[in-house]
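Chemist: Provided below are the primary sequence and the corresponding predicted coordinates.
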Amino acid sequence: MNKHKKYNGLSALGGLVYSTNPDAIPPEQEPEAETLPPAQQQLRVEIDRKKRAGKSVTLVTGFIGSEESLQDLGKQLKTKCGVGGSAKDGEILIQGEYREKVAGLLREWGYKVKVI
């Protein structure tokens with residue numbers, strides 16, 4: 001008796017083995033994070049100087065929501081402070097020491113804020 005199963009063709013292997021066509025296998029998409037309302041957000045505001053050549057930045061962390069909502073909140077904060085910065089990976093960086101001003105603005109907009 002033969003213990004090994006013989007395969008006749010690629011279809012016996014269960015389907016597609018290799019393709020250079022980017023449309024052959026649909027990419028796995030992560031579900032977009034749903035943005036919580038401001039009253040349910042617990043944000044932390046702190047001053048950070050690590051790995052920034054001694055420059056101070058105001059760091060806002062703890063945001064739960066879509067990347068687009070994070071970008072919008074970051075843009076509003078940067079505009080109100082009149083400085084530059086960035087918003088990515090759930091963090092908002094505001095150039096300079098604006099901890100109290102940022103915390104005040106976030107509270108005014110209905111967020112729960114913890115100043116560190």
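Modeler: Yep, it's here.
Chemist: Roughly how far does the residue nearest to the spatial centre of the chain sit from residue 70?
Modeler: Central residue of the chain (CA atoms, centre = their mean): residue 89, 3.1 Å from the mean position. Separation of residue 89 from residue 70 (CB to CB, to the nearest Å): 9 Å. All C-beta spots, glycine's among them, are computed from the backbone N, C-alpha and C.
Chemist: Contacts for the longest strand along the chain, please.
Modeler: Scanning the chain for the longest strand, with DSSP state E as the assignment, gives strand 42-48. For strand 42-48, contacts defined as CB atoms under 8 Å, 6 or more residues apart in numbering pick out 56-63, 97, 99, 102-103, 106, 111-116.
Chemist: same thing with stretch 65-84?
Modeler: Taking CB under 8 Å, 6+ apart as the rule, stretch 65-84 contacts 32-36, 41, 60, 63, 85-88, 90, 92, 94-96, 98, 101-102, 105-106.
Chemist: I'd like to know which of these are part of strands.
Modeler: 60, 85-88, 92, 94-95.
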